[in-house]
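Asker: quick one, fold the following:
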Amino acid sequence: MENPPTTPAQRTRLDVWVWSVRLAKTRAVAATGCKNGHIRLNNEKVKPSTHVKVGDTVRVYSEAGEKIVEVTRLINKRVGAPIAVTCYIDHTPPPPPKEERVIVAQRERGSGRPTKRERRDLDRLRGRSSS
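Answerer: The predicted model follows:
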């Protein structure tokens, strides 16, 4: 049987580490994210109590998008943002360039709703069938 590491720096729970390096706002959010599959360890859905080790890949899916980080240092306490950034390497791909937005025809303010004829013209312009 393998002896477990005795120092806390060698063993850290996934939810604690994600919270400590500020990838989740609270530890409860980190634990819930693990349970729901929004936080993955090495591309696997895991429990919040799973231990992370240096070299593991953590994927965090949030409203802001997906963040992919590699663990470089284990910590158990929440630290400041400058120190937290040193605990992982960010492998998140850059966001795609914003596409040019299509200019949508706008009605003059106060002109009210489009008439039936204007609605049909808009539908025809947009390629929709008028049924």
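Asker: any stretches of this protein with poor pLDDT?
Answerer: Scanning the chain with the threshold set as pLDDT under 70 gives 1-9, 100-105, 130-131.
Asker: quickly find the element holding the residue sitting furthest away from the middle of it.
Answerer: Going by CA atoms, centre = their mean, the residue of the chain most distant from its centre is Arg117, 44.9 Å out. Using DSSP states H and E, Arg117 sits within helix 116-126.
Asker: buried residues in that helix, which are they?
Answerer: Within helix 116-126, not a single residue qualifies as buried, counting by 16 or more other CB atoms under 10 Å. Just so you know, the C-beta spots here come from the backbone N, C-alpha and C atoms, and that holds for glycine as well.
Asker: and what of stretch 10-17?
Answerer: Across stretch 10-17, burial judged by 16+ other CB under 10 Å covers 12-17.
Asker: same question for stretch 42-50.
Answerer: Neighbour count says stretch 42-50 has 46, 48, 50 buried, by 16+ other CB under 10 Å.
Asker: okay, those in a markdown table with distance to Ala84 next?
Answerer: Converted to a markdown table, those look like this (distance: CB to CB, whole Å):
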| residue | distance to Ala84 |
| --- | --- |
| Val46 | 21 |
| Pro48 | 19 |
| Thr50 | 20 |
